[in-house]
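Participant: structure of the sequence below:
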Amino acid sequence: MLPWRRALRALTAALLIAGAATLTPTATAAEAAAPTAGPASTASSAGPSSTRGWNDYDCRPSAAHPRPVVLVHGTFANSVDNWLVLAPYLVARGYCVFSLDYGQLPHVPLIHGLGPVAKSAEQLDTYVDEVLAATGAEEVDLVGHSQGGMMPRYYLKFLGGAPKVNALVGLAPDNHGTTLLGLTRLLPYFPGIEALLTTATPSLADQIAGSPFLTELNAGGDTVPGVRYTVIATRYDEVVTPYRSQFLDGPNVRNVLVQDLCPLDLSEHVAVGVLDPVAHHEVANALDPAHATPTTCLP
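Facilitator: Numbering: from 1, shown residues only. Predicted coordinates for the structure are as follows:
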């Protein structure tokens with residue numbers, strides 16, 4: 001499929017969700033989502049085990065991996081479906097792994113990341129505090145896909161998150177917004193559609209290149225002191241375009257293009273976050289740079 005057609009499908013999906021948000025009288029997302037275990041009342045002395053799943057509030061970080069990993073899903077996703085491959089991969093490597101749902105809208109079950117991005121950052125703030133309290137750790141590492149790689153930067157910059165975070169790893173993050181291969185430039189010519197996106201699905205409007213939210217987020221620099229940043233992008237990204245807009249400038253930044261590591265990697269926006277072994281190996285390297293190993297096309 002041609003890239004512009006993929007982008008058109010992405011925009012069409014956004015409009016369908018926006019319409020559903022205004023018309024569908026179904027259960028709330030919170031009611032539809034599967035329950036997640038809360039913080040354990042008693043501490044466990046055992047280290048993380050590869051036999052456990054993620055969101056295990058009995059997990060205690062080990063000396064080898066002292067920081068829990070918080071996974072932050074992307075737009076139209078949730079805390080489970082975005083991480084069916086990466087979460088078990090990190091658990092098997094000995095990490096305590098957690099994931100949250102954020103950006104829920106009333107009457108839109110299971111599909112999250114749709115609310116105002118600044119409000120979603122507040123949800124992340126609360127969740128990180130819960131993970132730190134449950135695990136006894138002093139800091140977390142954040143790994144996010146798409147919006148989930150960009151939104152934590154608001155938490156770090158404006159909500160006091162930097163002292164609680166060691167590293168932020170973004171998989172195809174829309175750090176400077178997206179043009180959807182130029183399609184967003186057409187929105188002013190269709191004011192009804194633009195208004196629908198802004199009022200019904202605020203995160204979509206926030207993620208358009210040049211939006212007031214992104215202008216505020218990126219004013220004064222991309223990064224904050226004390227946090228390591230890694231961006232993992234693919235040249236075949238059809239959602240966050242141009243793909244180099246994902247990269248960050250500043251100290252303690254590493255920008256990675258997966259095709260520089262494996263020229264045969266054809267992953268696009270969804271695949272690079274959800275199931276790409278090349279990208280996931282780079283996530284592991286970013287979380288533990290002292291023990292990083294070369295990333296190649298081989299698993």
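Participant: spit out the contact partners of Gly250.
Facilitator: Gly221, Asp222, Thr223, Tyr229 (Cβ atoms under 8 Å, 6 or more residues apart in numbering). The C-beta positions use only the backbone N, C-alpha and C, and glycine is treated the same way.
Participant: correction: the previous question concerned Glu282.
Facilitator: Thr230, Ile232, Val256, Val258, Leu261, Thr295 are the contacts of Glu282 under Cβ under 8 Å, 6+ apart.
Participant: and if you look at Leu168?
Facilitator: Going by Cβ under 8 Å, 6+ apart, the list of residues near Leu168 reads Asp141, Leu142, Val143, Gly144, Gly149, Pro152, Arg153, Leu156, Val227, Arg228, Tyr229, Thr230.
Participant: show me the beta-bridge partners of it.
Facilitator: Leu168 forms beta bridges with Leu142, Tyr229, as assigned by DSSP bridges.
Participant: okay, helices next: where are they in the stretch 151-299 of the chain?
Facilitator: Along the stretch 151-299 of the chain, counting by DSSP state H, counting those that start in this stretch, helices occupy 191-200, 202-206, 212-218, 258-261, 269-274, 277-287.
Participant: and these as CSV, adding mean pLDDT?
Facilitator: Formatted as CSV, the helices of the stretch 151-299 of the chain follow (pLDDT from 0 to 100):
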stretch, mean pLDDT
helix 191-200, 61
helix 202-206, 91
helix 212-218, 97
helix 258-261, 98
helix 269-274, 96
helix 277-287, 98
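Participant: got TSV for those, with distance to Gly74 too?
Facilitator: Formatted as TSV, these follow (distance: least, Cβ to Cβ, whole Å):
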stretch	distance to Gly74
helix 191-200	17
helix 202-206	10
helix 212-218	16
helix 258-261	17
helix 269-274	7
helix 277-287	13
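Participant: so which of those helices gets nearest Gly113?
Facilitator: Between Gly113 and the helices of the stretch 151-299 of the chain, the tightest spacing by Cβ to Cβ is seen for helix 202-206, at 5.9 Å.
Participant: what packs against the closest one?
Facilitator: helix 117-135, helix 191-200 (3 or more Cβ pairs under 8 Å, 6 or more residues apart in numbering; DSSP states H and E).
Participant: highest mean neighbour count out of those?
Facilitator: Among the helices and strands packed on helix 202-206, helix 117-135 has the highest mean neighbour count (mean count of other Cβ atoms under 10 Å), at a mean of 19.
Participant: now the strands for the stretch 51-200 of the chain?
Facilitator: Applying DSSP state E, counting those that start in this stretch to the stretch 51-200 of the chain gives strands spanning 69-72, 97-100, 140-145, 165-171.
Participant: got JSON lines for those strands, with mean pLDDT and distance to Arg244 too?
Facilitator: Below are those laid out as JSON lines (pLDDT from 0 to 100; distance: least, Cβ to Cβ, whole Å):
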{"stretch": "strand 69-72", "mean pLDDT": "98", "distance to Arg244": "22"}
{"stretch": "strand 97-100", "mean pLDDT": "98", "distance to Arg244": "28"}
{"stretch": "strand 140-145", "mean pLDDT": "98", "distance to Arg244": "18"}
{"stretch": "strand 165-171", "mean pLDDT": "98", "distance to Arg244": "14"}
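Participant: make TSV from the ones you listed and add distance to Asp56 to it.
Facilitator: Compiled in TSV, those are given as follows (distance: least, Cβ to Cβ, whole Å):
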stretch	distance to Asp56
strand 69-72	12
strand 97-100	8
strand 140-145	15
strand 165-171	20
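Participant: and these: which comes nearest Ser79?
Facilitator: Among the strands of the stretch 51-200 of the chain, the nearest to Ser79 by Cβ to Cβ is strand 97-100 (4.0 Å).
Participant: now the closest residue to Ile111 other than its chain neighbours: how far from Asn55?
Facilitator: Leaving aside its chain neighbours, Ile111 sits nearest to Phe76 (5.3 Å; criterion: Cβ to Cβ, 6 or more residues apart in numbering). The gap separating Phe76 from Asn55 is 21 Å, by Cβ to Cβ, to the nearest Å.
Participant: who's more crowded, the two?
Facilitator: Phe76 (24 against 20; other Cβ atoms under 10 Å).
Participant: okay, that one: pLDDT?
Facilitator: Here, the pLDDT recorded for Phe76 equals 88.
Participant: test my guess that it contacts Leu110.
Facilitator: No - if you go by Cβ atoms under 8 Å, Phe76 and Leu110 don't touch, sitting 9.7 Å apart.
Participant: hang on, the earlier thing: so which of the helices and strands packed on helix 202-206 comes closest to Val272?
Facilitator: Across these, closest to Val272 is helix 117-135 (Cβ to Cβ), at 20.7 Å.
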